[in-house]
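**Q** what would the 3D arrangement of this be:
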Amino acid sequence: MCWNRKTVKMNIRELKEIVSEGESERLEFKRSTGQRTEAAKAVCAMLNGLGGFVLFGVTDKGELIGQEVVAKTIEDITAELRKVEPPAFPDIETVTLRKGSSVIVLTVPGGGSPYSFDGRPYLRHGPTNRVMPRDEYERRLVERLHANRRWENEPVAEGVSIRDLDEEEIRTTLENAIRLGRLEPPSRRDVRSILQGLELIHDGKLLNAAVALYGKTDRLKVLYPQLSLRVARFRGPNRLSDFSDNREYWGHSFSLLKRAESFLMDHVPIAGRVVPGKMVREDRPLYPPRATREALANALCHRDYSIPGGAVSVAMYDEHLEIANPGSLHFGMTPEKLVQPHESRPWNPIIAGVFYRAGIIEKWGMGTLNILDWCSENGNPAPSWVEQAGSLILTFAPRVTPPEEIRKARTGTKLAPSRDQVEDEPGTKSALSRHQVEILLSSREDKGLVELMAITGRTDRTKFRHQVLNPLLEEGLVEMTIPGKPRSSKQKYRLTEKGRRYIADAGRQGKE
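**A** Purely as a prediction, here's the structure:
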């Protein structure tokens, strides 16, 4: 029998076909409308589930006995159904069995908002009705209201203004969005206009999403303590072990993403070897950086920001890596569905939209599938997602070393001990680090200091200048666009002729 039948009068053949299936999650029998209260509970439960049919005039054993139906009969049923909230209107029809006897059929749609009957919500479990657990009802209610009212689209706390936001990061987002073709160049580029274009201002009011994405000033810490990141390296297989590193950061999403990536760069072992004729060494990290970056971005996008004490966390153990975010899966999504093609329904669509425009994430629900692919490419087992203690936890297993690499190690082919070392190139005083090479490769267009730091994942400006940028300037591979004002806010950096030759020479050597 087709459970999704249109509102067309049912005939006796269809009725018998339905009844023959017996009572189930989508089918309830009642001898008469004297049981209409219990029938209304079934209607409520089916509204909260997959829908179905409630039949009056059918015994528990599926015998069609019918009952007399007059105007008041239908009125009594309708009066009982008025106790369902929010209001629902199942189709009511009668199927005549014989003169003076009919079966009343209620056709109930499903999959809607959380419904209650006489103040209590119900769920269908097989052929029985049970009171819906409170946390389940509250979760469904939040999902129902989600389209119009959620934490990210609420106005900011009183006193918070655009001055509390990171203007430099806002402008970087705009530049990246235009470069990627994800935002048309605006006619006005003041900060307020950029925020409006990113949908972070509504009806003239700054939204919480703007603070989550760009909140910077210290006074916001008291108002928004949940903008936090916890990272830790444990000496052992679980949290009962001691720490070798334990940090907590507060800041906006872009800064937290950079700090988390920096933490992983400090602690994830990377096996590699220098290949003659190539510009950089071949690296095989214990955990694939593209996958962990995607996981971190997803955690920041999809976490539940309404939990004041919540924080995204990164925990690295001897045997695995965990990335967790506060909140649970919604809209019927399950850990099992995450590993299959699925529709993208972000819990924070405004925040996710800005991350998309900035080039941090992709749309269309491909993030989890990309994570699986990148783990496979790197030689890691498939990661797993699990909901636990109010959080969604993603667990990465370490890379499995292929037999050929073990053989090379045993026969004397050494793995590079440092992840930053590369071969010396002609014309330079010393070997360039991986970060310096990344800058050279990305500096065909003028870039500011913050952009260069983002490319390398570095977060400490002083160390970045001292360890990465200044040596490139001293070698004459990179130059300032405003050399007379080294600390100018408009300062950018570009490749010199020597830098371009360095890139070209390395490229030719790689082809030989």
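**Q** list the contacts for residue 172?
**A** 358, 448, 450, 451, 454 (CB atoms under 8 Å, 6 or more residues apart in numbering). In this view, the C-beta of every residue, glycine as well, is placed from N, C-alpha and C.
**Q** need the buried ones from those selected in PyMOL.
**A** Restricted to buried positions by 16 or more other CB atoms under 10 Å, the PyMOL selection for the contacts of residue 172 reads:
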select buried, resi 358+448+451+454
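**Q** can I get the contacts of residue 172 in a markdown table including distance to residue 233 and pLDDT?
**A** Shown next, in a markdown table, are the contacts of residue 172 (distance: CB to CB, whole Å; pLDDT from 0 to 100):
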| residue | distance to residue 233 | pLDDT |
| --- | --- | --- |
| 358 | 28 | 91 |
| 448 | 32 | 82 |
| 450 | 27 | 76 |
| 451 | 29 | 75 |
| 454 | 24 | 70 |
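**Q** a markdown table for the contacts of residue 172, including distance to residue 102 and secondary structure?
**A** As requested, the contacts of residue 172 are exported to a markdown table (distance: CB to CB, whole Å; DSSP: H, G, I helix; E, B strand; the rest coil):
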| residue | distance to residue 102 | secondary structure |
| --- | --- | --- |
| 358 | 63 | coil |
| 448 | 78 | strand |
| 450 | 75 | helix |
| 451 | 75 | helix |
| 454 | 72 | helix |
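**Q** just flag the most distant two among the contacts of residue 172.
**A** Using CB to CB, those span at most 15.2 Å, a distance reached by 358 and 448.
**Q** still on that earlier bit, going by distance to residue 130, which of the contacts of residue 172 wins?
**A** Nearest member of those to residue 130, counting by CB to CB, is residue 358, at 45.8 Å.
**Q** measure the closest one to residue 351 for me?
**A** Distance of residue 358 to residue 351, given as CB to CB, to the nearest Å: 11 Å.
**Q** likewise for residue 102?
**A** Distance from residue 102 to residue 351, by CB to CB: 55 Å.
**Q** again with residue 59
**A** Taken as CB to CB, the span from residue 59 to residue 351 is 55 Å.
**Q** have a look at those two and say which one is more surrounded.
**A** Between residue 59 and residue 351, residue 351 has the larger neighbour count (other CB atoms under 10 Å), namely 26 against 13.
**Q** and that one, what does it touch?
**A** By CB under 8 Å, 6+ apart, the neighbours of residue 351 are 152, 209, 212, 213, 253, 300, 301.
**Q** same thing but at 6 Å, please
**A** 152, 209, 212, 301 (CB atoms under 6 Å, 6 or more residues apart in numbering).
**Q** in PyMOL, select just the buried ones from those.
**A** Selecting only the buried entries of these in PyMOL, with 16+ other CB under 10 Å as the criterion:
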select buried, resi 152+209+212+301
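**Q** just the ones of the contacts of residue 351 in helices?
**A** 209, 212, 301 (DSSP state H).
**Q** nearest to residue 157, of these?
**A** residue 212 (12.4 Å).
**Q** one step back: pLDDT and distance to residue 124 for the ones in helices among the contacts of residue 351 - can I get that in TSV?
**A** As requested, the ones in helices among the contacts of residue 351 are exported to TSV (pLDDT from 0 to 100; distance: CB to CB, whole Å):
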residue	pLDDT	distance to residue 124
209	95	37
212	95	38
301	90	34
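**Q** let's have those in JSON lines, adding distance to residue 340.
**A** Converted to JSON lines, the ones in helices among the contacts of residue 351 look like this (distance: CB to CB, whole Å):
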{"residue": "209", "distance to residue 340": "29"}
{"residue": "212", "distance to residue 340": "29"}
{"residue": "301", "distance to residue 340": "20"}
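**Q** so how many other residues sit close to the nearest residue to residue 488 once chain neighbours are set aside?
**A** Distances taken as CB to CB, 6 or more residues apart in numbering put residue 482 closest to residue 488, at 5.0 Å, once the chain neighbours are dropped. Neighbour count for residue 482, taken as other CB under 10 Å: 12.
**Q** now do the SS call for residue 482.
**A** coil (DSSP: H, G, I helix; E, B strand; the rest coil).
**Q** shaky segments in the stretch 1-150 of the chain?
**A** 1-8, 143, 145-148 (pLDDT under 70).
**Q** pretty sure residue 83 is touching residue 118, no?
**A** Yes. With contact taken as CB atoms under 6 Å, residue 83 and residue 118 are classed as touching, separated by 4.7 Å.
**Q** low-confidence ranges in the stretch 151-300 of the chain?
**A** If you take pLDDT under 70 as the line, the stretch 151-300 of the chain has these spans: 270-283.
**Q** all helices in it, in order from the N-terminus.
**A** 167-179, 191-197, 208-214, 220-223, 253-267, 289-302 (DSSP state H, counting those that start in this stretch).
**Q** in the second one, what's buried?
**A** This means helix 191-197. By 16+ other CB under 10 Å, the buried positions in helix 191-197 come out as 191, 194, 195, 197.
**Q** elements contacting that helix?
**A** helix 167-179 (3 or more CB pairs under 6 Å, 6 or more residues apart in numbering; DSSP states H and E).
**Q** for residue 131, grab phi and psi.
**A** The phi/psi pair for residue 131 (degrees, to the nearest 10) reads phi -70, psi 130.
**Q** for residue 387, same thing?
**A** Torsion angles, degrees, to the nearest 10, at residue 387: phi -90, psi 130.
**Q** identify, from the contacts of residue 351, the entry nearest to residue 137.
**A** The nearest member of the contacts of residue 351 to residue 137, counting by CB to CB, is residue 152 at 22.9 Å.
**Q** state the distance from that closest one to residue 284.
**A** 38 Å.
**Q** return the residues in contact with residue 66.
**A** By CB under 6 Å, 6+ apart, the contact list for residue 66 reads 57, 97, 101, 102, 103.
**Q** quick one, which of those residues are buried?
**A** By 16+ other CB under 10 Å, the contacts of residue 66 give 57, 97, 102, 103 as buried.
**Q** now, the most widely separated pair of those residues?
**A** Pairwise over these, using CB to CB, the maximum falls at 57 and 97, 7.6 Å.
**Q** overlap in contacts of residue 358 and residue 351?
**A** Joint contacts of residue 358 and residue 351 (CB under 6 Å, 6+ apart) do not exist.
**Q** just the helices in the stretch 1-150 of the chain please.
**A** Under DSSP H, counting those that start in this stretch, the stretch 1-150 of the chain gives helices at 12-19, 36-47, 71-81, 134-145.
**Q** including distance to residue 265 and mean neighbour count, could these go into CSV?
**A** Below are these laid out as CSV (distance: least, CB to CB, whole Å; neighbours: other CB atoms under 10 Å):
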stretch, distance to residue 265, mean neighbour count
helix 12-19, 62, 16
helix 36-47, 51, 24
helix 71-81, 61, 15
helix 134-145, 37, 14
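**Q** of those helices, which is nearest residue 473?
**A** It is, among the helices of the stretch 1-150 of the chain and with distance given as CB to CB, helix 134-145, at 52.8 Å.
**Q** just the C-alpha atoms of that closest one, please, in CSV.
**A** The C-alpha coordinates for helix 134-145 follow below in CSV (Å, rounded to 0.1, in the frame of the first residue of the first chain):
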residue,chain,number,x,y,z
ARG,A,134,11.9,16.0,27.3
ASP,A,135,15.4,16.5,25.7
GLU,A,136,14.1,15.0,22.4
TYR,A,137,11.1,17.4,22.4
GLU,A,138,13.4,20.4,23.2
ARG,A,139,15.8,19.4,20.4
ARG,A,140,13.0,19.2,17.9
LEU,A,141,11.5,22.5,19.1
VAL,A,142,14.9,24.2,18.6
GLU,A,143,15.1,22.8,15.1
ARG,A,144,11.6,24.0,14.3
LEU,A,145,12.6,27.6,15.4
